[in-house]
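# After the sequence you'll find the predicted model.
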Amino acid sequence: MFRKKDAILLLTSYGTMALGIFLPQLAQPLRHAPVTFVMVLLLLSFLAIDMRGLLTHALKAPLATAGLLAVKAVLLPLLVYLLFHLVWPTYELAGMLVAGASTAVLAPFFANLFGADIVLTAAVVILSSLLLPFSLPPLVGILAGKSMDVGIAPMVRMLALMIFVPAILGRGCAKWMPRTTQWLLGNSYPLSLLAVGITNLGVFSRYSGFFLENPQRALEAMAAGGVMVACLMVLAVWYGRRLPLGLRSTSLVCLLFPNYILILAFSCQFFGPVEATFAATYSVPFFLQLLFIRKLGGLA
């Protein structure tokens, strides 16, 4: 069932995207804010998670966790690349990059929203991020024949900044500032909405000129992203049915929400306009999944 919180999240997401595109001057001070507020989202998630038990929790079902990571890091980008290679070659590299990204730092927020396992989701965010520097560059080289000319060390530093800094701050806040932690947890939903909105404003205001000057290319990239989302939904549901009931909803959240913002940063630096446009516009189908995900996974 589609719920009020889902509707509010969609309105916030698409409303701030539109503001960023059509009123970029409004978001001028926020153009460099997305990474910071992505970290805020993860910090809010880690406030309620015991880091010492996080990996232990994931290892309770080691084969299922390893299988989920293998599907996320290898199978999904491979299948998405083959799909676009056959039906829309322009986006074969762009689709593979986004599909092969680590699980989004927004995933624990979605896990909480949908009643999935937030601790296991956070573990997959961390593990898939650690795996990314060793999984994505070889796929790019083997399948696309291109060199992802980014050193492992810079990629690890970026991921450490985005993942481990908020995780450590979240646990430190929970330990030494319990009253602040309780207030943050009690207001985590509106604070998360604020972080999502500011992130969208920052991203879309930065690319406002491109969207307004090249609406056809932007709409085409959104359509390609929609094709990819539909493909991922089919694959995620197929894979989820092979898992124990308790892991099905969590697998959907982990597989359907890639860290496209990270790929956007990489694409702007190491790839071309097609890859950057695809990553920037992927947020549209990314949030559109909320209309279907409860029904697909039987989520609470």
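Yes, it's here.
# contacts, neighbours, all on C-alpha from now
Will do.
# phi, psi of Phe257?
Dihedral pair for Phe257: phi -120, psi 90, per degrees, to the nearest 10.
# Quick check: it touching Phe286?
Yes - under the contact definition of CA atoms under 8 Å, Phe257 touches Phe286, with a separation of 6.8 Å.
# which of those two has more neighbours?
Phe257 (24 against 18; other CA atoms under 10 Å).
# which residue packs closest to the residue positioned nearest the centre of the chain, ignoring adjacent ones?
With distances taken as CA atoms, centre = their mean, the residue of the chain nearest its centroid is Ala104 (2.6 Å). In space, and not counting its chain neighbours, Ala104 is closest to Asn259: 3.9 Å by CA to CA, 6 or more residues apart in numbering.
# got the contact list for that neighbour?
Val98, Ala101, Ser102, Thr103, Ala104, Val105 (CA atoms under 8 Å, 6 or more residues apart in numbering).
# looking at those residues, which has the most residues close by?
Ser102 (32 neighbours).
# and the gap between that residue and Leu130?
8 Å (CA to CA, to the nearest Å).
# Then His57?
Taken as CA to CA, the span from His57 to Leu130 is 18 Å.
# Leu106 too?
17 Å.
# Do you have the helices of the stretch 101-250 of the chain handy? List them.
107-114, 118-139, 152-176, 178-186, 188-206, 208-213, 215-240, 245-256 (DSSP state H, counting those that start in this stretch).
# So Val124 sits against Thr103, correct?
Yes - using CA under 8 Å, Val124 is in contact with Thr103, at 6.9 Å.
# any common contacting residues for those two?
Cys254.
# For stretch 207-221, C-alpha coordinates in PDB please.
The C-alpha trace of stretch 207-221 is given here as PDB (Å, rounded to 0.1, in the frame of the first residue of the first chain):
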ATOM      1  CA  TYR A 207      23.100  21.000 -14.000                       C
ATOM      2  CA  SER A 208      20.200  23.500 -14.500                       C
ATOM      3  CA  GLY A 209      21.700  25.000 -17.700                       C
ATOM      4  CA  PHE A 210      22.300  21.700 -19.200                       C
ATOM      5  CA  PHE A 211      18.700  20.500 -18.600                       C
ATOM      6  CA  LEU A 212      17.200  23.700 -19.900                       C
ATOM      7  CA  GLU A 213      19.400  23.900 -23.000                       C
ATOM      8  CA  ASN A 214      19.300  20.100 -23.800                       C
ATOM      9  CA  PRO A 215      15.800  19.000 -22.600                       C
ATOM     10  CA  GLN A 216      15.700  16.200 -25.300                       C
ATOM     11  CA  ARG A 217      18.900  14.600 -24.100                       C
ATOM     12  CA  ALA A 218      17.900  14.900 -20.500                       C
ATOM     13  CA  LEU A 219      14.500  13.300 -21.200                       C
ATOM     14  CA  GLU A 220      16.200  10.600 -23.200                       C
ATOM     15  CA  ALA A 221      18.600   9.800 -20.300                       C
END
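# hmm, who's touching that stretch?
Residues contacting stretch 207-221 (CA under 8 Å, 6+ apart): Gly20, Ile21, Phe22, Pro24, Val274, Thr277, Phe278, Thr281, Tyr282.
# can you tell me which of the residues you listed are in helices?
Gly20, Ile21, Phe22, Val274, Thr277, Phe278, Thr281 (DSSP state H).
# buried sites along stretch 175-190?
Thr181, Leu184, Ser188, Tyr189 (16 or more other CA atoms under 10 Å).
# of those, closest to Pro89?
Tyr189 (39.4 Å; CA to CA).
# Kindly provide the distance from the closest one to Pro108.
12 Å.
# can you check Thr56 too?
17 Å.
# same question, Gly272
In terms of CA to CA, Gly272 sits 31 Å off from Pro108.
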